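Participant: How does the following fold in three dimensions:
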Amino acid sequence: MKREKGDVVEDILKIEPEHYGERVDLVLREIYPEVSRSYIQKLIKNKCIVFNDTGKKLKQSHILEEGDVLKVVFPKSEEIQILPEEIPLEVIYEDDHIALINKPKGMVVHPAPGNYEHTLVNALLFKYGDNLSDRNGILRPGIVHRIDKDTSGVIVICKTNEAYDILSEKFKVHDIYREYHFLSFGYIKDDKFDVDVYMGRNPNDRLKMAVLEEGVRSITHFEVIERFSNYTYGKATLETGKTHQIRVHLSYKGHPIVGDHIYGHRKNEFGVKGQMLHAKVLGFVHPITEKYMEFSSELPSDFKKALNRLRHRQR
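Facilitator: Okay, here's the model as predicted:
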């Protein structure tokens, strides 16, 4: 599905809370991972990125704030083809306004320039066609929040703009219950603990996050579910929602998530690819009925196999 306007292709970006306080060029590099930073800088220089409909020239170092909206204009040579694909989806719940999907590990949530295939959005377009909210730009129909490519679990999709407007506000003010399950390296002694630190871009690798004094406050509540000799199975609930927050917090505490090659750097005995982090529970007040609803999904098979292996060893 190609979306054009005259000789260009446009994408509207409403800046999410996790990106408040960050440089615009770094955020765009994260949103469009297949596009080089130099190309992003070229778009900014050529005024192909419009800030809050003001026409104001954007600087690469501009710090994004709450309420910011960017219009990204891609030259026609960068034709955007977003085609529906018949990819099986595990639908946990759906009605006329929302759908809850159990996203598998390895699936990217939405397309980006240079990577327009095999994403959750391609699957959603096949299943729902035009019955998706268009509030979040042409690359993200229906998408109101994201989880990492190699994180599995529950994600909510908005079919209507009304649902999107209400839920996006709930995510912005952290009025959503988000519970993740993880398997980390090491024996965590405390049954419950919180991590309350400031996070920002890693100065040595701008595509990674790190704990920094000059960053933005991030808070995660952790609870141990099961301990093994050198691993811990636990759950994390988010009070804030920064990029890679749980992964960074556990690495900061010395217990990186198994399979996390970015923040872990440890070989794992289970042969898993990608972090063992699963968005287990998502709870919120329904945007239309105003009734609280909570949705959960089963752990993926590689996660279950690893836990069973550790339990068998501990008998």
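
Participant: drop to CA atoms for contacts and neighbour counts, all remaining ones
Facilitator: Will do.

Participant: Which parts of the stretch 101-250 of the chain are strands?
Facilitator: With strands called from DSSP state E, counting those that start in this stretch, the stretch 101-250 of the chain shows them at 152-158, 177-185, 192-202, 205-211, 216-227, 231-238.

Participant: Tyr32 is nearest to which of these?
Facilitator: Between Tyr32 and the strands of the stretch 101-250 of the chain, the tightest spacing by C-alpha to C-alpha is seen for strand 205-211, at 11.8 Å.

Participant: Which residues does the closest one contact?
Facilitator: 26, 30, 197-202, 243-244, 248, 252, 262 (C-alpha atoms under 8 Å, 6 or more residues apart in numbering).

Participant: out of the residues you listed, which one sits closest to Glu10?
Facilitator: Nearest member of the contacts of strand 205-211 to Glu10, counting by C-alpha to C-alpha, is Glu30, at 17.7 Å.

Participant: secondary structure element for that closest one?
Facilitator: Using DSSP states H and E, Glu30 maps to helix 24-31.

Participant: Would you mark the buried spots in that helix?
Facilitator: Val24, Asp25, Leu26, Val27, Leu28, Arg29, Glu30 (16 or more other C-alpha atoms under 10 Å).

Participant: excluding its backbone neighbours, what's nearest the second one?
Facilitator: The spatially closest residue to Asp25, leaving aside those adjacent along the chain, is Gln60, at 5.3 Å (C-alpha to C-alpha, 6 or more residues apart in numbering).

Participant: Would you agree that neighbour is in contact with Arg23?
Facilitator: Yes. Contact criterion C-alpha atoms under 8 Å: Gln60 and Arg23 qualify, at 7.1 Å.

Participant: which regions of the stretch 101-250 of the chain lie under the pLDDT threshold?
Facilitator: For the stretch 101-250 of the chain, residues meeting the criterion pLDDT under 70 lie at 113-114.

Participant: same thing but 80
Facilitator: 112-115, 137-138, 206-207 (pLDDT under 80).

Participant: ok, now which ones touch Leu212?
Facilitator: By C-alpha under 8 Å, 6+ apart, the neighbours of Leu212 are Val197, Tyr198, Met199, Gly200.

Participant: The first one pairs with what?
Facilitator: Using DSSP bridges, the bridge partners assigned to Val197 are Ser218.

Participant: Numbering from 606 from now on, please.
Facilitator: Happy to do that; since the first residue is 606 now, the last one works out to Val802.

Participant: doesn't Thr825 make contact with it?
Facilitator: No. With contact defined as C-alpha under 8 Å, Val802 does not reach Thr825; the gap is 9.2 Å.

Participant: Let's test this: mean pLDDT of the longest helix along the chain, rounded?
Facilitator: Secondary structure of the chain per DSSP state H: the longest helix is helix 906-919. Mean pLDDT, computed over helix 906-919, is 95.

Participant: and for it, what are the contacting residues?
Facilitator: Counting by C-alpha under 8 Å, 6+ apart, Phe833, Ser834, Phe875, Val877, Met881 sit against helix 906-919.

Participant: Neighbours of Phe731, how many?
Facilitator: Around Phe731 there are 15 other residues, counting by other C-alpha atoms under 10 Å.

Participant: Please enumerate the helices of this structure.
Facilitator: Using DSSP H, helices in the chain cover 629-636, 642-650, 725-733, 766-777, 850-857, 906-919.

Participant: Would you mind giving the ones you listed as a markdown table with distance to Glu671 added?
Facilitator: A markdown table is the format used below for these (distance: least, C-alpha to C-alpha, whole Å):
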| stretch | distance to Glu671 |
| --- | --- |
| helix 629-636 | 13 |
| helix 642-650 | 20 |
| helix 725-733 | 26 |
| helix 766-777 | 9 |
| helix 850-857 | 19 |
| helix 906-919 | 36 |
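
Participant: Select, out of these, the one closest to Phe900.
Facilitator: helix 766-777 (15.1 Å).
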